[in-house]
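# Attaching a predicted model along with its sequence, questions to come.
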Amino acid sequence: MMLKYTIQNKAEPGTHALPFYASSEEAVLSTIIIPEAEPQHKIIIEAVLEWENPLLNWDIGELDVRLRRNSTTGPVLQWTQESCYERGIVRLSFEDTGHIPEGHIYCLTVQSVDNRACVTGPVEMSAHVYAPNV
């Protein structure tokens, strides 16, 4: 397989909406749009984000991070629940294949039921589309 193209979004600490305090409502942190892909193409979605526990009272911070397709109510492709006392780093990776004639939107969402997480950044999300060697 050879790399056809890469799309990347990145937000540094203190830029855009960072820091972002996660709440009990699932919220979109970042998105990647893949315009189209052929059935033989492979798509790898990767995301990395740094976060911290805003309470700092020896209570554990908790953060749910999900990768969804096409909307915040779309299918969950990857999910992790993280916890930390002070700071944490979340890494997600997902491989997708198949015919995508109209494109896909991949949404990175966060949620913290008891408001125990603050995404400080950096937040990086990328998509790598591979085509078969010809």
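Sure thing, it's come through.

# List the buried residues of stretch 20-34.
F20, A22, E26, A27, L29, S30, I32, I34 (16 or more other C-beta atoms under 10 Å). Every C-beta, even on glycine, is put in place using the N, C-alpha and C of the backbone.

# in the chain, which spans are strands?
2-11, 20-22, 27-34, 42-52, 61-69, 76-84, 87-97, 104-111, 117-131 (DSSP state E).

# quick one: the fourth one to strand 117-131, angle?
By that I understand strand 42-52. Orientation of strand 42-52 against strand 117-131 (axes from the mean of the first three to the mean of the last three C-alpha atoms, to 10 degrees) gives an angle of 170 degrees.

# quick one on the thing from earlier: okay if I get the strands of the chain as TSV plus mean pLDDT?
Formatted as TSV, the strands of the chain follow (pLDDT from 0 to 100):
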stretch	mean pLDDT
strand 2-11	94
strand 20-22	97
strand 27-34	94
strand 42-52	96
strand 61-69	95
strand 76-84	95
strand 87-97	94
strand 104-111	95
strand 117-131	96
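
# How much space separates the residue positioned nearest the centre of the chain from L56?
Centroid check for the chain by C-alpha atoms, centre = their mean gives L108 as the closest residue, at 3.2 Å. As judged by C-beta to C-beta, to the nearest Å, L108 and L56 stand 25 Å apart.
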